[in-house]
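S.K.: Let's see this in three dimensions:
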Amino acid sequence: MSFRPKPAPARGRPRGSTSFDADVAIAFGSLIRQGRLAAGISQEQMAHMACVERSYYGRIERGESQPTLFVVLKICTALGTDSGTVVSLVEDAIRLGRRPA
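M.R.: From the prediction side, this is the model:
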């Protein structure tokens with residue numbers, strides 16, 4: 001009888017996963033963009049402050065990427081904003097069926 005070790009679980013989303021929600025991604029991206037612009041911070045500075053790649057941060061602001069909770073927390077901390085407030089604002093925007101201004 002031979003022993004075969006179990007393969008390590010795969011990292012990331014399973015193939016074919018559809019957990020991306022464009023409305024949520026767009027609403028979140030719009031809100032953090034507003035906050036960044038109000039603070040007078042460039043995308044590059046903001047990405048550095050949040051410890052994320054600038055290109056990834058740009059995709060988040062454009063609503064092309066949906067960040068994980070960890071990244072949401074890092075971005076909100078860098079903006080000096082309470083993450084719960086940001087989530088509530090995203091929920092409001094979605095419920096009202098509009099994008100934040």
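S.K.: which ones are touching L37?
M.R.: With contacts defined as C-beta atoms under 8 Å, 6 or more residues apart in numbering, L37 has no neighbours. Heads up, the C-betas are built off the backbone N, CA and C, glycines and all.
S.K.: Next up, phi/psi of it, please.
M.R.: Main-chain torsions, L37, degrees, to the nearest 10: phi -70, psi -40.
S.K.: Mind pulling up the pLDDT for it?
M.R.: We note a pLDDT of 97 for L37 in this prediction.
S.K.: Distance-wise, check it relative to L79.
M.R.: Distance of L37 to L79, given as C-beta to C-beta, to the nearest Å: 11 Å.
S.K.: what's the answer for R59, then?
M.R.: 17 Å.
S.K.: okay, those two: which has more neighbours?
M.R.: Neighbours were tallied for R59 and for L79 using other C-beta atoms under 10 Å; the higher tally belongs to L79 (21 against 16).
S.K.: now the residue nearest the centre of the chain, what's its secondary structure?
M.R.: Centroid-nearest residue in the chain: P67, 2.7 Å away (criterion: C-alpha atoms, centre = their mean). Three-state assignment for P67 (DSSP: H, G, I helix; E, B strand; the rest coil): coil.
S.K.: Alright, calling it a day.
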